[in-house]
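# structural data only, the sequence is not supplied:
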């Protein structure tokens, strides 16, 4: 696996591969794809409720924050029009309307880091709870 990834990296001319999983980096949420559609505006923009990625360790303050609600900047229809304008075939995206629930993927084992040979402290010094 390591040799295959290295060959792909060299073939594509990339200094590294950061493709361990698909996530969005959102303000107040971090990197997450754990969401559900909780509404649609009258203009067709989805209202998404994001939760924090439970596959990662977070600061304890995250558990007090709750979920984050985001209204998309454009409707799916507008997005499809934009893709079509860039030369994409609209039919390739017919399933897009079905995305109403998402879960952050678990990390592929090749990206699991080895256990450190030192102890990590549980103390958090940059915030007060």
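That came through fine. Since the model is a prediction, treat every value here as computed from it, not as a measurement. Numbering: from 1, shown residues only.

# can you map out the strands along the chain?
24-26, 30-32, 35-40, 46-50, 68-71, 101-102 (DSSP state E).

# parallel or antiparallel, list what pairs with the longest one.
Put plainly, it is strand 35-40. strand 46-50 (antiparallel), strand 101-102 (antiparallel) (DSSP bridges).

# that older thread, could I get the strands of the chain as JSON lines with mean neighbour count?
Bear in mind the C-beta positions are built from the backbone N, C-alpha and C, glycine included. Shown next, in JSON lines, are those (neighbours: other Cβ atoms under 10 Å):
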{"stretch": "strand 24-26", "mean neighbour count": "13"}
{"stretch": "strand 30-32", "mean neighbour count": "17"}
{"stretch": "strand 35-40", "mean neighbour count": "15"}
{"stretch": "strand 46-50", "mean neighbour count": "18"}
{"stretch": "strand 68-71", "mean neighbour count": "14"}
{"stretch": "strand 101-102", "mean neighbour count": "14"}
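
# lowest average pLDDT across the ones you listed?
For these, mean pLDDT drops lowest on strand 24-26, to a mean of 62.

# where does the prediction get shaky in this protein?
Residue ranges of the chain with pLDDT under 70: 18-32, 53, 55-62, 127-129.
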